[in-house]
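# model this:
(chains A and B)
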There are 2 protein chains.
Amino acid sequence: MTTAAPTQTTSKDYAQLTALLREASTIGSIGGLLGWDQETYMPSGGARARAEQASVLARIHHDRLTDPRVGELLAACESDTALNAGGSETAANLREIRRDYDQATKVPGDLVAELARAGSEAQDIWKQARAKSDFAMFAPALTTMLELSRRKAECLGIPEGGELYDALLDQYEPDTKAAEIEAVFNPLRERLSAFIADVTENGVPPRDDFMSRNIPVGQQHTFGQAVLEALGFDFTAGRLDVTTHPFCSGMAPGDTRLTTRYAEDNFADALTSTMHEGGHGLYEQGLPKSGPHAGTPLAGSVSLGIHESQSRLWENFVGRSAPFWKWALPLANKHFGSTLSDVSLDQMTAAMNTCTPSLIRVESDEPTYNLHVMIRFGLERALVRGDLSIKDLPGAWNEQYKNLLGVDVPDDRRGCLQDVHWSFGLIGYFPTYSLGNLYAAQLWETINEQIPDLDDQMARGEFAQLLSWLRTNIHQHGRRYTAGELCERATGKPLSADPLMRHLERRVKPAYGM
Amino acid sequence: MTTAAPTQTTSKDYAQLTALLREASTIGSIGGLLGWDQETYMPSGGARARAEQASVLARIHHDRLTDPRVGELLAACESDTALNAGGSETAANLREIRRDYDQATKVPGDLVAELARAGSEAQDIWKQARAKSDFAMFAPALTTMLELSRRKAECLGIPEGGELYDALLDQYEPDTKAAEIEAVFNPLRERLSAFIADVTENGVPPRDDFMSRNIPVGQQHTFGQAVLEALGFDFTAGRLDVTTHPFCSGMAPGDTRLTTRYAEDNFADALTSTMHEGGHGLYEQGLPKSGPHAGTPLAGSVSLGIHESQSRLWENFVGRSAPFWKWALPLANKHFGSTLSDVSLDQMTAAMNTCTPSLIRVESDEPTYNLHVMIRFGLERALVRGDLSIKDLPGAWNEQYKNLLGVDVPDDRRGCLQDVHWSFGLIGYFPTYSLGNLYAAQLWETINEQIPDLDDQMARGEFAQLLSWLRTNIHQHGRRYTAGELCERATGKPLSADPLMRHLERRVKPAYGM
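Got it, this is the predicted structure:
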């Protein structure tokens, strides 16, 4: 009786702790709706009030996360050996709760509220500035967001042996440093540049004129929805809407919202965006958001790199493959009438695997994509360091696009105004995109070993076993393991760039007759 | 110097008080988005999380409204004679702040949170039950909402000489009792019944077969938007979406959202719904939500009766008039192609002014509309009194529809499940619809006296002077005056049912050749 008592008491502490976190999570999920609505349906006149709402709610959320009772209950749980048994779910959850609590308590509520307000305002300004291709219009808001982000980074603290940027990066990719990213990116940049040079100099570009044929938005939308349904996205627990910049918001249990965008002369852009966000959405729908861990870290995504591995896997490894198009081309023809009826499977697959340096990250092909990310990583790191000023950003952007991708940026809309991230204060976020590509490639090799007939399944429009593999090996674990651990558990190896390079060789060179 | 000091101090109190209320109002406005989204775009799987969000947010909102600091600052302001100078805006605001504070502090936060959660859940169940016409499916949720509403009414307290229902009614139509409503409704019911009997027995019904011609939803939508634009609705500060039950949410400054619904064989239903919600929306856009009174009672609507006067004025007094159709029929023909091109102005006007007892309140014509309201008022009052049980509601509903309107209710979807209100716990709300009709009629007579050429203006599609009159006499005042005072200030007379009866005589009888 007496030995059991402490455990019971502490379990009550754990129950109270998770109840507090669950309520905080609910408040956070309301913030998700504020953000989604701002991007989708909010009239422009609502922008000022929305910034106010975001700010007030962010402070309330932060107050809950940093509630001293959370700290007390957490400490009590940490001192309970039963809860901290090695490898247990509660131990993992307490580790992550500690991480979140320590991070949250380092940042003052005023700064959190100010970041939310300024981010909401800056996002609105960005949208207008982008439409007008007017960087000067956006510069003051970006200056504010950079300044606030630097202040936040200073509150979070520079990790040992690191730099200020690392404190921001750590929010998105825990325990990762810019120097480590750089150590991955530098050789990858060389390998990719060499690959791109090889293909563009020695290969024959596939025909892709048919990719710009006019396909009405309505037809593209029903096709995209049909693809998402087949992949396994649950539309009773989600939606697909249209925004300037596609995104996925896993805003609440049972409520995952995707957005995409349509251009009548570029159906592949919408499709890849839809499948990309769909990949994020499938991850969100697979996280253990209901049940005992609801509202706690264990129910959340482990890192943005892993999140991005899911989106890129569906977008590229599935969505640009020949087996996928064996199924999807007839489906497209059902939706698009005769527009693409003269296009063969080989032609479509080749056109989906081009290698053409271009201006827009989210429209770029697989071989060049990571170069877009590397440019952003270098620029935002320089901004945080103070080595680059906001006013010099467009020039530096354009110069790097010329140097690395060989393209001339005609205007800032297609240059440094193209992405939404910095307007929200998402600085330190971009490198996770390339980590995602690396994780995706490594997962894909393992998946194909473990599901040998996956190509045949995809060619029949069957994705259930693939999704089940991802659910089992990635989704269901939430934040139980670190990103690195999750990768090793799933693939048996630490993260490497080799699978990505092998994948590009196999996919792109055949399209160029190499 | 010494005499000025106290005023300065107290003005600081007033500034602090209004700052607290402004933040509470911002939190309330987030709740507005939760509700709007639930009705418009939320996937069904999000219902459980939404109920949780609504509940958590309602409690936070309530905590802010009942913050003891609000009470202290309010008391300090009330004892400051400078702020309470008769007729001043601050005096009116303090009167209304006191009213809100006293009401809020009477209701425990637990009950507020429970009402929000249960209302969100019940709303979702109602939507499903209505689609299936399954009252038994909805009955438990309705029982919960009635029980919670009764508990809330008991907390608010029965006003002197009143009944429990009055405490609920008072939330929507301040300082109004059920007995007073009854005293208005009883003679009005007789006058309306006599009018309807006269018209249906002695008149010749106008031709209205063309009203059910098929008009695609897209055409109806662009027509509705064009009408709203012409009325003066600001689409940069608002939207129009589609829902099961049309509504208007003036959710935040600069953000007023309307919804409507479309049936391809009943374009007039969508148009009148759109104009109705548009009238609510014009009121919301005209309230003093920005400036010094932002977020305080003075920025809010005075009562639902007045709110409804605005919707019904645009829907009926404008939208069913010959001058309106002189402008709108050619506009409709532009949007609808040749579908209505053979319909004359006289035919359209007559068809918009029929008198046919029917099943659905929001589709009913002007003469019969108030009878639908009276049935609901009697039933919900009996429910609150305990004179009627939930299980007997469908029977009682159907019996009264037979007795008062002479129609047989074929199923509960077109019976007691047709309206969303009770699912949200909006009990005591319905009678304000008829008050709105009475106010609208009385305002309309005054408006036409003061704008003698209003008919000519409307026939040219010009509504600016009408809107300006409403802005000046109704909208801009917010809650500065009571509903009764506002009516007397605007029309010079206390509220009477005579203008409504005169209006029906003038409008409906000509359509029936009388």
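# SS state for A:Arg257?
When the structure is reduced to helix, strand and coil (DSSP: H, G, I helix; E, B strand; the rest coil), A:Arg257 reads as strand.
# how about it, what does it touch?
With contacts taken as C-beta atoms under 8 Å, 6 or more residues apart in numbering or on different chains, A:Arg257 has the following neighbours: A:Trp36, A:Gly238, A:Arg239, A:Leu240, A:Asp241, A:Cys248, A:Ser249, A:Met251, A:Gly281. Bear in mind the C-beta positions are built from the backbone N, C-alpha and C, glycine included.
# check which helix or strand covers the fourth one.
To tie it back to what came earlier, the one meant is A:Leu240. strand A:238-242 (DSSP states H and E).
# partner strands of the helix or strand that that strand is followed by and their direction?
Counting by DSSP H and E, the next helix or strand C-terminal to strand A:238-242 is strand A:248-252. Sheet pairing here is set by DSSP bridges, and for strand A:248-252 it gives strand A:255-260 (antiparallel).
# average pLDDT across the helix or strand that the strand it pairs with is followed by?
Per DSSP H and E, strand A:255-260 leads on to helix A:267-286 as the next helix or strand towards the C-terminus. Confidence over helix A:267-286, taken as the mean pLDDT, stands at 97.
# what does the stretch 51-200 of chain A have sitting close to chain B?
Applying C-beta under 8 Å from any C-beta of the partner chain, we find that the stretch 51-200 of chain A lies next to chain B at A:Glu52, A:Gln53, A:Val56, A:Leu57, A:Ile60.
# switch the cut-off to 10 Å
Within reach of chain B by C-beta under 10 Å from any C-beta of the partner chain, the stretch 51-200 of chain A has these residues: A:Glu52, A:Gln53, A:Ala54, A:Ser55, A:Val56, A:Leu57, A:Arg59, A:Ile60, A:Arg64.
# now do the stretch 201-350 of chain A
Counting by C-beta under 10 Å from any C-beta, the residues of the stretch 201-350 of chain A lying close to chain B are A:234-239, A:241, A:251-257, A:285, A:289-290, A:294-295.
# and the residues you listed, which of them are buried?
Using 16 or more other C-beta atoms under 10 Å in any protein chain shown as the burial test, these include A:237-239, A:241, A:251-257, A:285, A:289, A:294-295 as buried.
# now do the SS call for A:Val343.
Assigned state for A:Val343: coil (three-state reduction, three-state DSSP).
# leaving out the residues flanking it, which one is nearest to it?
Taking C-beta to C-beta, 6 or more residues apart in numbering or on different chains as the measure, A:Val343 lies nearest to A:Phe210, with 5.2 Å between them; neighbours along the chain are not counted.
# how far away is that neighbour from chain B?
From A:Phe210 across to chain B, the span is 30 Å (C-beta to the nearest C-beta, to the nearest Å).
# tell me the contacts of that residue?
By C-beta atoms under 10 Å, 6 or more residues apart in numbering or on different chains, the residues touching A:Phe210 are A:Phe267, A:Thr339, A:Leu340, A:Asp342, A:Val343, A:Gln347, A:Met348, A:Ala351.
# can you put the residues you listed in a markdown table and add neighbour count and distance to A:Pro174?
Supplementary listing: those in a markdown table, determined by neighbours: other C-beta atoms under 10 Å in any protein chain shown; distance: C-beta to C-beta, whole Å:
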| residue | neighbour count | distance to A:Pro174 |
| --- | --- | --- |
| A:Phe267 | 27 | 37 |
| A:Thr339 | 17 | 46 |
| A:Leu340 | 18 | 44 |
| A:Asp342 | 8 | 50 |
| A:Val343 | 18 | 44 |
| A:Gln347 | 19 | 43 |
| A:Met348 | 24 | 39 |
| A:Ala351 | 20 | 38 |
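# how many residues are close by A:Asp209?
Residues contacting A:Asp209 under the criterion other C-beta atoms under 10 Å in any protein chain shown number 7.
# pretty sure it sits against A:Ala351.
Yes. Contact status for A:Asp209 versus A:Ala351: in contact at 8.8 Å, counting by C-beta atoms under 10 Å.
# just the CA trace of the helix or strand encompassing A:Thr432, in CSV.
With secondary structure defined by DSSP H and E, A:Thr432 is part of helix A:431-450. The C-alpha atoms that make up helix A:431-450 are tabulated as CSV, following Å, rounded to 0.1, in the frame of the first residue of the first chain:
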residue,chain,number,x,y,z
PRO,A,431,16.9,24.4,-44.4
THR,A,432,14.3,21.9,-43.1
TYR,A,433,13.0,21.6,-46.7
SER,A,434,16.3,20.1,-47.9
LEU,A,435,16.5,17.9,-44.8
GLY,A,436,13.1,16.6,-45.8
ASN,A,437,14.3,15.7,-49.2
LEU,A,438,17.2,13.8,-47.8
TYR,A,439,15.0,11.9,-45.3
ALA,A,440,12.4,11.2,-48.0
ALA,A,441,15.0,9.7,-50.3
GLN,A,442,16.3,7.5,-47.6
LEU,A,443,12.9,6.4,-46.5
TRP,A,444,11.9,5.7,-50.1
GLU,A,445,14.8,3.2,-50.5
THR,A,446,13.8,1.3,-47.4
ILE,A,447,10.1,1.4,-48.3
ASN,A,448,10.9,-0.1,-51.7
GLU,A,449,12.9,-2.8,-50.1
GLN,A,450,10.2,-3.7,-47.7
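# now A:Asn353: how far from A:Leu188?
Taking C-beta to C-beta, to the nearest Å as the measure, A:Asn353 falls 19 Å from A:Leu188.
# would you mind telling me which of the two has more residues around it?
Between A:Asn353 and A:Leu188, counting by other C-beta under 10 Å, A:Asn353 is the more crowded of the two (24 against 19).
# what residues does that one make contact with?
Each residue near A:Asn353 by C-beta under 10 Å, 6+ apart is listed here: A:206, A:208, A:316, A:320-322, A:365-367, A:504, A:506-512.
# can you check A:Gly119 too?
For A:Gly119, the contacting residues are A:35, A:51, A:54-55, A:58, A:141, A:144-145, A:148-149, A:422-426, taking C-beta under 10 Å, 6+ apart as the criterion.
# what domains does the record give for chain A?
Domain ranges of chain A: A:4-134, A:178-511, per automatic domain parsing.
# which stretch in these has the least confidence?
domain A:4-134 (a mean of 93).
# next SSE after the helix or strand that contains A:Ala490?
A:Ala490 belongs to helix A:483-491 when elements are defined using DSSP H and E. The first helix or strand that comes after helix A:483-491 along the chain, using DSSP H and E, is helix A:498-511.
# brilliant, that's me finished.
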